[in-house]
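# Using only what follows, build the 3D model:
(chains A, B, C and D, ligands or ions: 4)
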Number of protein chains: 4
Amino acid sequence: QSSWFHSSPAPQQSGSPQRFFAPADGVMLPTGSFKDRVAFITGGGTGLGRAMTTTLSMLGAQCVIASRKLDVLQQTANEISSQTGNQVYAVQCDVRDPQAVSHCVDQMETMTGLPDVIINNAAGNFVCPSERLSPNGWKSITDIVLNGTAYITLELGKRLIKKQKGASFLAITTIYAESGSGFVVPSASAKAGVEALYKSLAAEWGRYGHRFNIIQPGPIRTKGAFSRLDPTGAFEKSMITRIPTGRLGTPEEIANLAAYISSDYATWMSGAVIRFDGGEYVSMAGEFNELKKVTPDQWDVMEAMIRSTKGS
Amino acid sequence: QSSWFHSSPAPQQSGSPQRFFAPADGVMLPTGSFKDRVAFITGGGTGLGRAMTTTLSMLGAQCVIASRKLDVLQQTANEISSQTGNQVYAVQCDVRDPQAVSHCVDQMETMTGLPDVIINNAAGNFVCPSERLSPNGWKSITDIVLNGTAYITLELGKRLIKKQKGASFLAITTIYAESGSGFVVPSASAKAGVEALYKSLAAEWGRYGHRFNIIQPGPIRTKGAFSRLDPTGAFEKSMITRIPTGRLGTPEEIANLAAYISSDYATWMSGAVIRFDGGEYVSMAGEFNELKKVTPDQWDVMEAMIRSTKGS
Amino acid sequence: QSSWFHSSPAPQQSGSPQRFFAPADGVMLPTGSFKDRVAFITGGGTGLGRAMTTTLSMLGAQCVIASRKLDVLQQTANEISSQTGNQVYAVQCDVRDPQAVSHCVDQMETMTGLPDVIINNAAGNFVCPSERLSPNGWKSITDIVLNGTAYITLELGKRLIKKQKGASFLAITTIYAESGSGFVVPSASAKAGVEALYKSLAAEWGRYGHRFNIIQPGPIRTKGAFSRLDPTGAFEKSMITRIPTGRLGTPEEIANLAAYISSDYATWMSGAVIRFDGGEYVSMAGEFNELKKVTPDQWDVMEAMIRSTKGS
Amino acid sequence: QSSWFHSSPAPQQSGSPQRFFAPADGVMLPTGSFKDRVAFITGGGTGLGRAMTTTLSMLGAQCVIASRKLDVLQQTANEISSQTGNQVYAVQCDVRDPQAVSHCVDQMETMTGLPDVIINNAAGNFVCPSERLSPNGWKSITDIVLNGTAYITLELGKRLIKKQKGASFLAITTIYAESGSGFVVPSASAKAGVEALYKSLAAEWGRYGHRFNIIQPGPIRTKGAFSRLDPTGAFEKSMITRIPTGRLGTPEEIANLAAYISSDYATWMSGAVIRFDGGEYVSMAGEFNELKKVTPDQWDVMEAMIRSTKGS
Ligand SMILES: NC(=O)c1ccc[n+]([C@@H]2O[C@H](COP(=O)([O-])OP(=O)(O)OC[C@H]3O[C@@H](n4cnc5c(N)ncnc54)[C@H](OP(=O)(O)O)[C@@H]3O)[C@@H](O)[C@H]2O)c1
Ligand SMILES: NC(=O)c1ccc[n+]([C@@H]2O[C@H](COP(=O)([O-])OP(=O)(O)OC[C@H]3O[C@@H](n4cnc5c(N)ncnc54)[C@H](OP(=O)(O)O)[C@@H]3O)[C@@H](O)[C@H]2O)c1
Ligand SMILES: NC(=O)c1ccc[n+]([C@@H]2O[C@H](COP(=O)([O-])OP(=O)(O)OC[C@H]3O[C@@H](n4cnc5c(N)ncnc54)[C@H](OP(=O)(O)O)[C@@H]3O)[C@@H](O)[C@H]2O)c1
Ligand SMILES: NC(=O)c1ccc[n+]([C@@H]2O[C@H](COP(=O)([O-])OP(=O)(O)OC[C@H]3O[C@@H](n4cnc5c(N)ncnc54)[C@H](OP(=O)(O)O)[C@@H]3O)[C@@H](O)[C@H]2O)c1
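Ligands and ions are numbered 1, 2, ... in the order given. The predicted structure is shown next:
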């Protein structure tokens, strides 16, 4: 059995893997990739939504951002607009309310016409042991994440279909949508619902010229996410330890990926679910990955024990 | 390349595969497997819920069934009870309403105490092109399937935790929960949400003695499902053609599986998602499965063409 | 936001969840469930294979067990036979060798005829950092697990098809087949291959009367598995900590599940992949599950911080 | 129940959805994105491998392509080189042979040094009913696809680790790797194995600076794939019908995606599995997607029947 093992094992690595995985700066797609395109981004006033709006705007899109806080939206819109030279519109909209959604789309139709690119990014979330969760707490999340995404998607879809206009729909979910996760259960359930919604429509609405894709981000520091998911900051350190690339993501990285998926370079992409998480998910899920802690010397001992095992 | 292919190919099969896959009759588990146990089944008055209640009752459980139509429940309860000799209680409950759920559990606590076995089986569904779906149509399904399951599960979970009592939770979802499917989009989304809820709680609430598992049934003829999913009956035939075992499932088969999962034989099962569909899902999903249509003679021709291919 | 949280949180649990999840003793299926049936189990001489053979034999099956060590097989065969009163045959077979496989099936045809139940359980595995793995080490595992399973399955399949005889095929894989896992990479890859093989044939060979299903076991102490996966015993403790049901599995539990899947109660099951792991997989994979460590008091603090968060 | 349905359904679409989904021309990433980088592509002489090599070369990479046919490789290398002005090296290598792999990497080290980008693209495949498949036919595919990918990956990985050099690894699998598929069973199994290999190493080798990702292409016409998968051309038409975007993919689209994943814009991507298939997979897998055939008038009838259903 000695030939199972390679003769000269590698020296142990020192230092964080992070040095290998520095994020790239700047916008990836060619200038003007979204010229004459309209992009609609929910939750575009803050965090990842703001970053995606910025990138699309830099690439030439007219953007419409929508969420509850008009002042926040307005300020973001102004800042991006003056940075990129392209118009960014702010529309107040609580996605939980179908009528507000319909009204928001009315406004958009007047300002920019129906969008070519839709990004469902608005969400709510907080950590909580499930036995402390009230029915109201449950609904506060699923109404925004699942129903909100559905209302936006159905409203825009119907109008686009009537106009025979194609579009790219993108939803931002999370790496625990598939696996589930304790302590963020309404979010896990609602995001899983969003993924099924998008995979379903990818199949059903292709004939109307619509594509539907999903990004599952791993942890990226934003005020909105981290203040309710890691209020004490204690969790972040342990996450970084288990992320194979040794760091959190950046909003700009997600924005480049989102722009690619929404662009003409990805017209053949539909029904895709793209995990973007530094490898965190596979690292957590694999049963023997905690053997990362075993040192080379300990491996020598274990190897010897295994070689000497006889029989089943 | 001739040795890629086996020399004497099999003769073609004639007749339906169904003859190989006759369903077994009768209850599978040992008599008394649920003696002194209380089982709570939503939607237990009809279809699959009724079958599961019957099986658990035969195996000695006291059952409580709950849904909107008290008369239907009451009749089912009486019929099962007189068949098995074990008590079946009927409680009216609209699972969309957290207060009704709480009230239902109050009644159950009085009648039987908290349950050992919980089966979330109530659901609603109908086929509809998504562009015809109203916000109200969307909510009519997700409220029952996702919120209803959550309210039942959280309410029972909290009370069981307080009493330090363990329990088995089972949810009935569907084979398109993972893949999504057009034309049943609210159901696909809500069922995906239920799966994430149960996988999440399997991880989180094991410490309280709770297990959570999922059955994804394929097509089984029940009045409730088929009248709203295949009103014309045209769809059933094409389903049977693509099901590798050549037939629909029976409620009794699901009931035996559900009883197993809920029993002490499965105390180590948690977080499992069990597809039970005659092979329909893998048959649909696999890209080359439609080559089933190719005849042996056509294969001979194709084999010869492949053998003679040169280069990449 | 106070109504997000339920007013009276549960008291903390003390003690291991294990007390809620005691394994059931005894055989689950009705006596005689496999009367007049022939079962073929690779690796049936030891560990899980031995347990499955015992259960099938108790239920009336004639069993044929096959692996490399004839003496081990012979002794197991004798012991089971004298315990159950049903014949168990031992056949030497290295599954990596297609000719040995063919010869083994020849012997079986003579002794018992072709089988009704096939369980592909033979495997090899050892922990090893992948950079220490030689090509030979890689092949030592994939040849047994993937090629061995394929040779057995194709050989039996072809002969059964010619005889127009139906059968149930079951493969034993592992919870890391889907997620992958470091340090057991050849096993992860080969088991993933086995799963694809079985899902593929579930779709393709239903027309010949064959069903194909998969059990993914979590950790169950057997000499064969644990001596090469946890030679020092250090890993077991940390596994138990993260398993929601608080204990390892038992060979008898797997055997009851395998018997069910192979029985006439499951003739409608094909293409299913059943995780049986005490909840370990979902517990590892869910991003926020390590919050299990947070105490009730700490939750009170975190809840207050979350309530007081303003804005995104 | 009338409010379930939206009042004014959309007019039926006419014509292929293809008009909405025209592929973009040209290279997506910024000029020079792979300047001073070395890329190693197996099977780089033909089909998708050739397209990926062309794109990376255009973006500034020095490329090394390797497969069995040196003449084909040499010609491709010359053509790309003269098109892009960047060096492309051709190395003969049968990936099934660990020694040939080692020798190939020796040559590369001399010519270009170890690579920054590795694309495992070489594969073999042919359609065949599994009962006609010989053990040799099975091995002819799994040896190339699974063992070949493992030998290349382990050999390069070990050398990179010793040099403390980071790298991006990409494997090209297929949409049926997860679901399995009849009639291409060795390929399905081997590709599933490759996916597990890459997810495993994403977790294990992040600490050495390595990322591992996967593209699952849907159907893209290349001589190599289509001559052995659709020798008569009959299958292509039915594939296009079920692809929501109404067309096959192009090699250039895959090349842009592969370049993105291998670039510094994706340093946070590891363990990702990206389906790129025009939506074919979700379209096949969803149980009710064949209702696409129902016409608007038929939907009116079905809607009326559903509205009038009473009870469960
Ligand atoms: N950051 C991460 O680590 C991470 C990881 C995985 C997934 N994600 C996902 O990424 C997306 C963006 O998150 P983020 O980190 O950027 O957090 P964020 O800044 O809190 O973004 C959430 C946005 O949703 C909007 N929103 C909330 N409720 C709404 C409602 N009822 N109607 C309309 N808009 C509403 C908020 O704006 P208003 O308050 O103005 O309404 C806010 O702009 C979310 O989908 C999140 O689940 C983030
Ligand atoms: N049959 C199949 O082919 C199939 C396939 C996949 C999955 N399933 C699943 O299997 C389960 C049972 O379906 P089935 O075929 O047996 O259909 P069914 O007879 O229509 O069962 C649905 C049950 O849910 C109850 N229900 C509906 N709305 C409710 C509400 N708001 N509150 C409480 N109970 C409610 C109904 O009772 P009331 O009307 O009295 O409320 C009814 O008893 C469902 O989860 C379904 O999704 C079935
Ligand atoms: N125990 C666990 O925790 C666990 C967890 C997940 C999955 N599993 C799976 O469960 C199955 C049984 O494992 P186990 O724990 O019972 O370990 P085990 O006792 O070591 O069983 C492995 C069996 O495979 C046979 N075998 C090995 N190489 C063979 C070959 N070339 N040809 C024919 N037979 C061969 C062995 O017999 P010979 O030595 O006589 O050939 C032995 O009986 C395996 O598939 C394993 O991967 C186990
Ligand atoms: N085209 C599609 O529709 C499609 C769909 C899904 C996945 N894919 C995947 O995409 C990849 C490329 O396929 P393709 O369509 O471009 O077909 P292709 O042109 O036939 O490419 C296969 C390449 O693999 C090389 N190869 C085969 N055996 C080898 C060996 N033993 N050692 C080294 N190299 C070997 C071949 O070169 P030599 O003959 O010179 O060795 C050839 O260049 C494959 O992994 C395929 O599975 C393609």
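# tell me the pLDDT at residue A:2?
On pLDDT, residue A:2 comes in at 56.
# before we move on, what about residue A:7?
pLDDT recorded at residue A:7 is 60.
# What parts of the stretch 151-300 of chain A come near chain B?
The stretch 151-300 of chain A has residues A:151, A:154, A:157-158, A:161, A:176-186, A:188-205, A:208, A:271 near chain B, with proximity defined as Cβ under 8 Å from any Cβ of the partner chain. Backbone N, C-alpha and C define where each C-beta goes, glycine included.
# Take these and keep only those in helices.
Under the assignment DSSP state H, those contribute A:151, A:154, A:157-158, A:161, A:176-179, A:185-186, A:188-204 to helices.
# Give me the buried subset of those.
Of the members of those, the ones counted as buried by neighbours, 16 or more other Cβ atoms under 10 Å in any protein chain shown, are A:151, A:154, A:157-158, A:161, A:176-179, A:185-186, A:188-204.
# Without its sequence neighbours, what residue ends up closest to the closest residue to ligand 4 within the stretch 51-200 of chain A?
Closest residue of the stretch 51-200 of chain A to ligand 4, Cβ to the nearest ligand atom: residue A:199 (19.6 Å). Nearest non-adjacent residue to residue A:199, counting by Cβ to Cβ, 6 or more residues apart in numbering or on different chains: residue B:180, 3.2 Å away.
# give the contact list for that neighbour.
Remark: with contacts taken as Cβ atoms under 8 Å, 6 or more residues apart in numbering or on different chains, residue B:180 is in contact with A:195-203, A:271, B:188-189, B:192, D:282, D:285-286.
# With residue A:306 instead?
So residue A:306 contacts A:1, C:126-128, C:227-228, C:231 (Cβ under 8 Å, 6+ apart).
# ChimeraX command to pick out the buried ones of these?
Provided next is the ChimeraX selection string for whichever of the contacts of residue A:306 are buried by 16+ other Cβ under 10 Å:
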select /C:126,127,128,227,228,231
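# To which secondary structure element type does residue A:91 belong?
strand (DSSP: H, G, I helix; E, B strand; the rest coil).
# and it, how many neighbours?
By other Cβ atoms under 10 Å in any protein chain shown, 23 other residues sit near residue A:91.
# For it, which residues count as its bridge partners?
Residue A:91 has these beta-bridge partners by DSSP bridges: residue A:66.
# these two touch, right, it and residue A:107?
Yes. Under the criterion of Cβ atoms under 8 Å, residue A:91 makes contact with residue A:107 at 5.3 Å.
# quick one: contacts for the closest residue to ligand 3 within the stretch 101-250 of chain A?
Closest residue of the stretch 101-250 of chain A to ligand 3, Cβ to the nearest ligand atom: residue A:179 (19.0 Å). By Cβ under 8 Å, 6+ apart, the contact list for residue A:179 reads A:281, A:285, B:199, C:282, C:285-287.
# Give me the pLDDT value at it.
Confidence score, pLDDT, at residue A:179: 97.
# one step back: overlap in contacts of residue A:91 and residue A:107?
With contacts taken as Cβ under 8 Å, 6+ apart, residue A:91 and residue A:107 have no neighbour in common.
# and residue A:94, which of the three is it?
Assigned with three-state DSSP, residue A:94 falls in the coil class.
# roughly how far apart are it and residue A:70?
Taking Cβ to Cβ, to the nearest Å as the measure, residue A:94 falls 11 Å from residue A:70.
# Next: residue A:199.
Distance, residue A:199 to residue A:70, by Cβ to Cβ: 33 Å.
# just residue A:249 next, same as before
For residue A:249, the distance to residue A:70 - Cβ to Cβ - is 29 Å.
# Of those two, which one has the most company?
Of the pair residue A:249 and residue A:70, residue A:249 is the one with more neighbours under other Cβ under 10 Å, namely 24 against 15.
# pLDDT score assigned to the more buried one?
Looking at residue A:249, the pLDDT reads 97.
# Kindly report the same for the one 5 residues further on.
At residue A:254, the pLDDT value in this model is 98.
# So the strand or helix carrying residue A:254, near chain D or not?
Using DSSP states H and E, residue A:254 sits in helix A:251-262. Yes. Under the criterion of Cβ under 8 Å from any Cβ, chain D is reached by helix A:251-262 at A:253, A:256-257, A:260.
# Show me what residue of the stretch 101-250 of chain A gets nearest to ligand 1.
Proximity of the stretch 101-250 of chain A to ligand 1 (Cβ to the nearest ligand atom) peaks at residue A:224, 1.7 Å away.
# For residue A:287, which non-adjacent residue is closest in space?
That would be residue C:176: by Cβ to Cβ, 6+ apart, it lies 4.6 Å from residue A:287.
# How about residue A:44?
Distances taken as Cβ to Cβ, 6+ apart put residue A:65 closest to residue A:44, at 2.9 Å, once the chain neighbours are dropped.
# try residue A:249
Closest residue to residue A:249 apart from its sequence neighbours, by Cβ to Cβ, 6+ apart: residue A:220 at 4.2 Å.
# cool, residue A:277 as well?
In space, and not counting its chain neighbours, residue A:277 is closest to residue A:218: 2.5 Å by Cβ to Cβ, 6+ apart.
# Spit out the contact partners of the one you found.
With contact set as Cβ under 8 Å, 6+ apart, residue A:218 has these partners: A:175, A:243, A:248-249, A:275-278, A:280-281, D:268.
# And the helices in chain A, which stretches?
Along chain A, the stretches classed as helices by DSSP H are A:47-58, A:70-84, A:98-111, A:135-142, A:149-162, A:176-179, A:185-204, A:223-229, A:234-242, A:251-262, A:280-285, A:296-307.
# export the ones you listed to CSV and tack on distance to residue D:308?
Output for the helices of chain A, formatted as CSV (distance: least, Cβ to Cβ, whole Å):
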stretch, distance to residue D:308
helix A:47-58, 44
helix A:70-84, 45
helix A:98-111, 26
helix A:135-142, 31
helix A:149-162, 24
helix A:176-179, 37
helix A:185-204, 25
helix A:223-229, 46
helix A:234-242, 53
helix A:251-262, 42
helix A:280-285, 47
helix A:296-307, 68
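# Could you single out the most deeply buried of those helices?
helix A:185-204 (a mean of 31; mean count of other Cβ atoms under 10 Å in any protein chain shown).
# For ligand 1, tell me whether that helix is touching it.
No. For helix A:185-204 and ligand 1, the contact criterion (Cβ under 6 Å from any ligand atom) is not met; the two come no nearer than 6.9 Å.
# okay, that helix in CSV with CA atoms only?
Output in CSV follows, covering the C-alpha atoms of helix A:185-204 (Å, rounded to 0.1, in the frame of the first residue of the first chain):
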residue,chain,number,x,y,z
VAL,A,185,-34.8,29.9,8.7
PRO,A,186,-37.4,32.3,7.2
SER,A,187,-34.6,33.7,4.9
ALA,A,188,-33.5,30.1,3.9
SER,A,189,-37.1,29.2,3.1
ALA,A,190,-37.9,32.3,1.2
LYS,A,191,-34.6,32.3,-0.8
ALA,A,192,-35.2,28.6,-1.7
GLY,A,193,-38.6,29.7,-3.0
VAL,A,194,-37.1,32.4,-5.1
GLU,A,195,-34.7,29.9,-6.7
ALA,A,196,-37.6,27.6,-7.6
LEU,A,197,-39.5,30.6,-9.0
TYR,A,198,-36.6,31.5,-11.2
LYS,A,199,-35.8,28.0,-12.4
SER,A,200,-39.5,27.5,-13.2
LEU,A,201,-39.8,30.7,-15.2
ALA,A,202,-36.5,30.0,-17.0
ALA,A,203,-38.3,27.0,-18.4
GLU,A,204,-41.7,28.6,-18.9
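# Just want the angle from that helix to helix B:185-204.
Orientation check (axes from the mean of the first three to the mean of the last three Cα atoms, to 10 degrees): helix A:185-204 against helix B:185-204 gives 140 degrees.
# Check which helices and strands helix A:185-204 sits against.
Under the contact criterion of 3 or more Cβ pairs under 8 Å, 6 or more residues apart in numbering or on different chains; DSSP states H and E, helix A:185-204 touches helix A:135-142, helix A:149-162, strand A:167-172, helix A:176-179, strand A:210-217, helix B:176-179, helix B:185-204, helix D:280-285.
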